[in-house]
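> Could you look at this predicted model? Sequence included:
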Amino acid sequence: MWRALLARRGGARAALPAPADAQAALLRDLFAPLTEPPVAADGAFVTAHLAQSLDGRIATAAGVSRWISGAADITHTHRLRALHHAIIVGAGTVKHDDPRLTTREVEGQCPVRVVLDTDRRLHHGHLVFQDGLPTLLACAEDAASPCGGAEILRLPRAERGLDLRALVAALRARGLTHLFVEGGGVTVGRFLAAGLIDRLHVAVAPLLLGSGIPSLALPGIDRPEQGIRFPMVVHRLGDDMLFDCAIDRRTTS
Ligand SMILES: NC(=O)c1ccc[n+]([C@@H]2O[C@H](COP(=O)([O-])OP(=O)(O)OC[C@H]3O[C@@H](n4cnc5c(N)ncnc54)[C@H](OP(=O)(O)O)[C@@H]3O)[C@@H](O)[C@H]2O)c1
């Protein structure tokens, strides 16, 4: 099943096998849409994933997030990486986690890593800048000069951070149309607020942190009906619950 999905992602368009068991059905439901061409006007398909505690934290107050969700969700995250062309993370995630952002848990190619660091505050010693795999560092047009380890992508500023529509357009121009936003909460929130998320996967772990770094951060609203409502399917991933949210971009932009 997984090989068939990878083959479709690679353009071979092998037929999806009928779901023989719960695992096959899960793979089909969660990943088959990612193997189709994007339908949004910008030509991109954007998926985001966050793993959070039941009380809505993606990391402790000290910024530690390893590990909130269990092994099944980590494998799921690596599968998402393998089915996208690029993984996007905020500078806060690189600073705290120093992640490699590879697909080592599953078959499939590593996507291009894209780090959003508006004012070029990250140190060049982080793993994504040192391991030789393709990495783009997106920063503001007027940010300080680069210090090596990644190709620089200069973008206009938005009210907060970078102009994410310009980012999506720049990645599409490089043939990167399937984009995976892997955190943190500020970055996923900015994509959502910009109307740029097609699918949002939230893994909720049976864990209470009580305090810490919040999950999604969005501009404040006054009434519940101003919130973003969407169709949602819930899957069990080990001890965690995965909420697969189909966001209609027209309702968020
Ligand atoms: N559980 C999960 O699924 C998950 C996933 C990813 C990360 N995390 C955790 O989430 C936390 C990070 O998330 P986040 O929402 O705070 O941030 P984030 O989304 O990773 O990064 C965005 C923030 O980083 C700022 N930033 C830019 N350069 C920086 C630098 N050099 N040092 C520090 N911040 C910088 C950005 O500022 P600008 O306004 O300049 O753009 C923006 O506010 C980490 O603790 C990480 O462990 C958890």
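Perfect, I can see it now. Numbers count the residues shown, from 1 in each chain.

> For the residue positioned nearest the centre of the chain, name its beta-bridge partners.
Most central residue of the chain, judged by C-alpha distance to the mean C-alpha position with C-alpha atoms, centre = their mean, is V181 at 2.0 Å. Each beta-bridge partner of V181 is listed here, defined by DSSP bridges: A48, I88.

> Now do the helices in this structure.
2-9, 22-31, 71-82, 91-97, 127-130, 164-173, 185-193, 249-252 (DSSP state H).

> Kindly reformat these as TSV containing mean neighbour count, mean pLDDT and distance to the ligand.
C-beta coordinates here come from the backbone N, C-alpha and C atoms, glycine included. As requested, the helices of the chain are arranged in TSV below (neighbours: other C-beta atoms under 10 Å; pLDDT from 0 to 100; distance: least, C-beta to the nearest ligand atom, whole Å):
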stretch	mean neighbour count	mean pLDDT	distance to the ligand
helix 2-9	18	78	22
helix 22-31	16	76	16
helix 71-82	20	94	8
helix 91-97	21	96	3
helix 127-130	19	94	12
helix 164-173	18	98	11
helix 185-193	22	96	3
helix 249-252	13	71	18
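
> now for the ones you listed, which one comes closest to V112?
helix 164-173 (8.2 Å; C-beta to C-beta).

> Next, the angle from that closest one to helix 185-193.
Taking axes from the mean of the first three to the mean of the last three C-alpha atoms, to 10 degrees, one finds helix 164-173 and helix 185-193 inclined to each other by 90 degrees.

> low-confidence ranges in the stretch 51-200 of the chain?
Residues of the stretch 51-200 of the chain that meet the criterion pLDDT under 70 lie in 146-147.
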